[in-house]
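> curious how this folds, go ahead:
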Amino acid sequence: MLNIFTILRHPSFIWMLLIINIFGTIYGYYWYASQLVQTPWYFLPFVPDSPTASLFFIFVLIALLMGKSWPLMESLAAVSLLKYGLWAVVMNLAGGYVSGSLTWVNYMLILSHLGMAIEGLLYTPYYTIKRWHIYVAAIWVFHNEIIDYVYGMMPIYSVLDKYTVQIAYFTFWLSVWSVAIVYLLTIREGKRELHKFT
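Got it, this is the predicted structure:
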(Lines give C-alpha, C1' and ligand atoms only; values in the text may rest on other atoms or scores of the structure.)
Protein backbone atom coordinates (compact mmCIF):
# COMPACT_ATOMS: atom_id res chain seq x y z
CA MET A 1 0.00 0.00 0.00
CA LEU A 2 1.31 3.41 -0.94
CA ASN A 3 2.06 5.87 1.84
CA ILE A 4 3.17 9.48 1.75
CA PHE A 5 6.87 8.59 2.04
CA THR A 6 6.68 6.16 -0.89
CA ILE A 7 4.97 8.83 -3.01
CA LEU A 8 7.45 11.57 -2.07
CA ARG A 9 10.46 9.53 -3.12
CA HIS A 10 8.94 8.17 -6.31
CA PRO A 11 10.71 9.59 -9.40
CA SER A 12 7.40 10.24 -11.19
CA PHE A 13 6.19 12.45 -8.34
CA ILE A 14 9.47 14.35 -8.20
CA TRP A 15 9.35 14.84 -11.98
CA MET A 16 5.81 16.21 -11.65
CA LEU A 17 6.92 18.69 -8.99
CA LEU A 18 9.89 19.67 -11.13
CA ILE A 19 7.73 20.45 -14.17
CA ILE A 20 5.20 22.39 -12.06
CA ASN A 21 7.98 24.43 -10.47
CA ILE A 22 9.69 25.16 -13.78
CA PHE A 23 6.49 26.60 -15.23
CA GLY A 24 5.66 28.38 -11.97
CA THR A 25 9.13 29.93 -11.81
CA ILE A 26 8.94 31.17 -15.40
CA TYR A 27 5.50 32.67 -14.75
CA GLY A 28 6.78 34.22 -11.52
CA TYR A 29 9.64 36.03 -13.23
CA TYR A 30 7.21 37.15 -15.94
CA TRP A 31 4.87 38.50 -13.24
CA TYR A 32 7.75 40.64 -11.92
CA ALA A 33 8.81 41.82 -15.39
CA SER A 34 7.36 45.33 -15.15
CA GLN A 35 9.03 45.89 -11.78
CA LEU A 36 12.34 44.39 -12.85
CA VAL A 37 12.75 46.80 -15.78
CA GLN A 38 12.63 49.65 -13.24
CA THR A 39 15.00 47.96 -10.79
CA PRO A 40 18.72 48.86 -10.56
CA TRP A 41 20.80 45.91 -11.76
CA TYR A 42 22.44 45.37 -8.36
CA PHE A 43 19.03 44.74 -6.75
CA LEU A 44 17.75 42.35 -9.44
CA PRO A 45 18.55 39.09 -7.56
CA PHE A 46 16.55 40.27 -4.54
CA VAL A 47 13.29 41.50 -6.10
CA PRO A 48 11.51 38.42 -7.52
CA ASP A 49 11.20 36.63 -4.17
CA SER A 50 8.75 33.81 -4.92
CA PRO A 51 10.15 32.68 -8.29
CA THR A 52 13.66 32.68 -6.84
CA ALA A 53 12.41 30.51 -3.97
CA SER A 54 10.93 28.02 -6.42
CA LEU A 55 14.14 28.18 -8.47
CA PHE A 56 16.05 27.01 -5.38
CA PHE A 57 13.60 24.11 -5.12
CA ILE A 58 14.13 23.20 -8.78
CA PHE A 59 17.81 22.62 -8.00
CA VAL A 60 16.81 20.48 -4.99
CA LEU A 61 14.51 18.34 -7.15
CA ILE A 62 17.13 17.89 -9.86
CA ALA A 63 19.64 16.76 -7.24
CA LEU A 64 17.12 14.28 -5.84
CA LEU A 65 16.47 12.82 -9.29
CA MET A 66 20.23 12.33 -9.63
CA GLY A 67 20.32 10.47 -6.32
CA LYS A 68 22.16 13.31 -4.61
CA SER A 69 21.46 16.04 -2.11
CA TRP A 70 22.35 19.73 -2.19
CA PRO A 71 21.90 20.85 1.43
CA LEU A 72 22.55 24.55 0.86
CA MET A 73 19.84 24.66 -1.81
CA GLU A 74 17.59 22.58 0.46
CA SER A 75 17.95 25.16 3.20
CA LEU A 76 17.46 28.16 0.90
CA ALA A 77 14.44 26.49 -0.72
CA ALA A 78 12.75 25.36 2.49
CA VAL A 79 13.10 28.71 4.28
CA SER A 80 12.26 30.93 1.32
CA LEU A 81 9.36 28.77 0.03
CA LEU A 82 7.79 28.77 3.49
CA LYS A 83 8.32 32.49 4.03
CA TYR A 84 7.33 33.83 0.62
CA GLY A 85 4.60 31.25 0.10
CA LEU A 86 2.83 32.29 3.30
CA TRP A 87 3.68 35.97 2.75
CA ALA A 88 1.90 36.00 -0.62
CA VAL A 89 -1.13 34.19 0.83
CA VAL A 90 -1.45 36.79 3.60
CA MET A 91 -0.86 39.75 1.24
CA ASN A 92 -3.51 38.56 -1.21
CA LEU A 93 -6.02 38.00 1.60
CA ALA A 94 -5.16 41.40 3.08
CA GLY A 95 -5.49 43.05 -0.32
CA GLY A 96 -8.88 41.42 -0.78
CA TYR A 97 -9.99 42.65 2.64
CA VAL A 98 -8.84 46.24 1.95
CA SER A 99 -10.31 46.35 -1.56
CA GLY A 100 -13.47 44.50 -0.60
CA SER A 101 -13.10 41.59 -3.02
CA LEU A 102 -10.83 38.84 -4.28
CA THR A 103 -10.38 38.21 -7.99
CA TRP A 104 -9.63 34.89 -9.68
CA VAL A 105 -6.01 36.03 -9.90
CA ASN A 106 -5.92 36.44 -6.12
CA TYR A 107 -7.32 32.94 -5.66
CA MET A 108 -4.79 31.53 -8.12
CA LEU A 109 -1.92 33.25 -6.30
CA ILE A 110 -3.21 32.13 -2.90
CA LEU A 111 -3.43 28.48 -3.94
CA SER A 112 -0.12 28.41 -5.83
CA HIS A 113 1.79 30.11 -3.02
CA LEU A 114 0.21 27.91 -0.39
CA GLY A 115 1.44 24.99 -2.47
CA MET A 116 4.93 26.53 -2.42
CA ALA A 117 4.94 26.73 1.35
CA ILE A 118 3.81 23.11 1.65
CA GLU A 119 6.17 21.59 -0.91
CA GLY A 120 9.19 23.19 0.72
CA LEU A 121 8.41 21.34 3.94
CA LEU A 122 7.35 18.01 2.40
CA TYR A 123 10.91 16.81 2.03
CA THR A 124 12.34 18.08 5.33
CA PRO A 125 12.64 14.51 6.69
CA TYR A 126 15.11 13.81 3.87
CA TYR A 127 17.17 17.00 3.80
CA THR A 128 20.82 16.83 4.83
CA ILE A 129 20.96 20.40 6.13
CA LYS A 130 23.56 21.44 8.69
CA ARG A 131 23.45 24.48 10.95
CA TRP A 132 25.59 26.63 8.67
CA HIS A 133 23.17 26.04 5.80
CA ILE A 134 20.38 27.43 7.99
CA TYR A 135 22.54 30.44 8.84
CA VAL A 136 23.09 31.16 5.14
CA ALA A 137 19.35 30.89 4.44
CA ALA A 138 18.64 33.22 7.37
CA ILE A 139 21.11 35.79 6.03
CA TRP A 140 19.45 35.52 2.61
CA VAL A 141 15.90 36.21 3.82
CA PHE A 142 16.86 38.97 6.27
CA HIS A 143 19.11 40.65 3.69
CA ASN A 144 16.19 40.48 1.28
CA GLU A 145 14.05 42.37 3.76
CA ILE A 146 16.61 45.14 4.03
CA ILE A 147 16.62 45.46 0.25
CA ASP A 148 12.81 45.39 0.18
CA TYR A 149 11.94 47.76 3.02
CA VAL A 150 15.01 49.97 3.42
CA TYR A 151 15.71 50.43 -0.30
CA GLY A 152 12.06 50.19 -1.39
CA MET A 153 12.36 47.11 -3.62
CA MET A 154 9.39 45.23 -2.13
CA PRO A 155 6.82 43.56 -4.42
CA ILE A 156 4.26 46.06 -5.70
CA TYR A 157 0.80 45.66 -4.17
CA SER A 158 -0.70 49.10 -4.79
CA VAL A 159 -3.81 48.40 -2.74
CA LEU A 160 -1.59 47.91 0.34
CA ASP A 161 0.79 50.84 -0.23
CA LYS A 162 -0.21 52.69 2.94
CA TYR A 163 0.51 49.64 5.09
CA THR A 164 4.19 49.26 4.19
CA VAL A 165 5.43 49.71 7.78
CA GLN A 166 3.03 47.07 9.10
CA ILE A 167 3.93 44.70 6.26
CA ALA A 168 7.65 45.15 6.97
CA TYR A 169 7.10 44.30 10.64
CA PHE A 170 5.02 41.24 9.75
CA THR A 171 7.60 40.12 7.18
CA PHE A 172 10.43 40.31 9.71
CA TRP A 173 8.65 38.00 12.14
CA LEU A 174 7.58 35.70 9.33
CA SER A 175 11.28 35.32 8.46
CA VAL A 176 12.13 34.53 12.08
CA TRP A 177 9.35 31.94 12.22
CA SER A 178 10.28 30.37 8.87
CA VAL A 179 13.93 29.97 9.82
CA ALA A 180 12.95 28.51 13.20
CA ILE A 181 10.51 25.99 11.67
CA VAL A 182 13.02 24.74 9.11
CA TYR A 183 15.71 24.54 11.79
CA LEU A 184 13.48 22.47 14.05
CA LEU A 185 12.42 20.16 11.22
CA THR A 186 15.87 19.50 9.76
CA ILE A 187 18.61 19.74 12.40
CA ARG A 188 18.12 16.36 13.98
CA GLU A 189 19.20 12.75 13.72
CA GLY A 190 17.54 9.75 12.12
CA LYS A 191 16.49 11.18 8.76
CA ARG A 192 15.32 9.04 5.90
CA GLU A 193 17.31 8.60 2.71
CA LEU A 194 15.26 10.02 -0.16
CA HIS A 195 17.74 9.12 -2.88
CA LYS A 196 17.24 5.39 -2.28
CA PHE A 197 14.34 4.97 -4.69
CA THR A 198 12.21 1.84 -4.60
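> which element is the residue positioned nearest the centre of the chain on?
Centroid-nearest residue in the chain, with CA atoms, centre = their mean: L81, separated by 1.6 Å. Here L81, judged by DSSP states H and E, is contained in helix 71-99.
> show me what counts as buried in the next helix or strand along the chain from that helix.
Counting by DSSP H and E, the element after helix 71-99 in chain order, helix or strand, is helix 104-122. Neighbour counts over helix 104-122 (16 or more other CB atoms under 10 Å) mark N106, L109, I110, S112, H113, G115, M116, A117, E119, G120, L121 as buried. For glycine as for every other residue, the C-beta is placed from the backbone atoms N, C-alpha and C.
> nearest to A53 among the residues you listed?
Taking CB to CB as the measure, A53 lies nearest M116 of the buried residues of helix 104-122, at 6.7 Å.
> for D161, see how far away the closest one is.
24 Å (CB to CB, to the nearest Å).
> tell me where the model's unsure across this protein.
Residues of the chain meeting the criterion pLDDT under 70: 1-2, 188-198.
> list the buried residues in stretch 167-176.
Buried residues in stretch 167-176, counting neighbours by 16+ other CB under 10 Å, are found at I167, T171, L174, S175.
> tell me the secondary structure of I129, please.
When classified by DSSP: H, G, I helix; E, B strand; the rest coil, I129 comes out as coil.
> list the contacts of the residue nearest to it when sequence neighbours are not counted.
Closest residue to I129 apart from its sequence neighbours, by CB to CB, 6 or more residues apart in numbering: T186 at 4.3 Å. Neighbour list for T186: E74, S75, A78, T124, Y127, I129, I134 [criterion: CB atoms under 8 Å, 6 or more residues apart in numbering].
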